[in-house]
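1. let's see this in three dimensions:
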Amino acid sequence: MWGQEKQPETSETEPEREETSDITNGLAAENTEGIIAFVGKGVEFKGTISYSGTVRIDGYLDGEIHTEGILLVGEDAVIQAKITAGTVVCKGKITGNIVVKERVKLRAPAVVSGSVKTPVLSMEDGVLFNGDLEMAHTVRELPREVPLRPVGVIAQPDIKRVNG
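-> Numbers count the residues shown, from 1 in each chain. Next up, the predicted model:
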């Protein structure tokens with residue numbers, strides 16, 4: 001109106017979406033559930049976080065994180081914590097012990113100081129990792145309703161010995 005050209009609207013949330021999809025890039029589609037919680041840049045949290053699903057942290061966290069889901073650690077995040085998770089994708093700084101059931105993905109410029117226990121680890125050039133690494137196979141849980149069979153005596157085959 002009035003001869004002014006309308007400037008294209010820019011959204012401050014678009015870079016976050018791009019970064020979120022960028023940080024989860026490479027994960028199987030079934031593992032990229034929607035982010036259920038977000039600790040934003042400039043936010044400090046002390047305590048324990050327990051959740052299922054996906055949580056992204058871009059702020060400061062001191063404490064513990066427990067999940068069967070996915071932990072996304074943004075480039076500006078600083079975490080000092082004991083972490084147990086299904087999957088961890090990190091571009092930020094983590095100090096502490098990390099135990100993961102599925103995989104750890106360290107993307108540049110991640111800095112990890114502490115021990116990591118995971119069955120699968122991927123690390124980009126530019127990642128700084130100082131600590132211990134233990135890679136173990138995942139423990140597969142057996143279905144609970146597997147019938148147990150008694151161990152019986154193995155029948156001897158009917159063998160006749162012939163001497164002579």
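2. what pairs with Leu128 across the strands?
-> When bridges are called by DSSP bridges, Leu128 pairs up with Val111.
3. go ahead and confirm it touches Val111.
-> Yes - assessed by CB atoms under 8 Å, Leu128 is found in contact with Val111 at 4.6 Å. Yep, even glycine has a C-beta here, placed from its N, CA and C like the rest.
4. and the two? Which one has more around it.
-> Legend: neighbour count by other CB atoms under 10 Å for Leu128 and Val111, higher for Val111 (17 against 13).
5. measure that one to Ser50 for me?
-> According to CB to CB, to the nearest Å, Val111 and Ser50 sit 25 Å apart.
6. buried stuff in the longest strand that the chain contains?
-> Across the chain, the longest stretch assigned as strand under DSSP state E is strand 78-90. For strand 78-90, the neighbour count (16 or more other CB atoms under 10 Å) marks 78-79, 81, 83-90 as buried.
7. ok, now stretch 48-58?
-> For stretch 48-58, a neighbour-count test (16+ other CB under 10 Å) marks 49, 51, 54-58 as buried.
8. and the strands in this protein?
-> Per DSSP E, the chain carries strands over the ranges 35-39, 44-51, 54-57, 60-67, 70-73, 78-90, 93-95, 98-106, 111-113, 116-118, 121-123, 128-130, 133-135.
9. Throw the ones you listed into JSON lines and include distance to Lys160, thanks.
-> Shown next, in JSON lines, are the strands of the chain (distance: least, CB to CB, whole Å):
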{"stretch": "strand 35-39", "distance to Lys160": "71"}
{"stretch": "strand 44-51", "distance to Lys160": "68"}
{"stretch": "strand 54-57", "distance to Lys160": "68"}
{"stretch": "strand 60-67", "distance to Lys160": "65"}
{"stretch": "strand 70-73", "distance to Lys160": "65"}
{"stretch": "strand 78-90", "distance to Lys160": "60"}
{"stretch": "strand 93-95", "distance to Lys160": "71"}
{"stretch": "strand 98-106", "distance to Lys160": "56"}
{"stretch": "strand 111-113", "distance to Lys160": "69"}
{"stretch": "strand 116-118", "distance to Lys160": "58"}
{"stretch": "strand 121-123", "distance to Lys160": "60"}
{"stretch": "strand 128-130", "distance to Lys160": "68"}
{"stretch": "strand 133-135", "distance to Lys160": "55"}
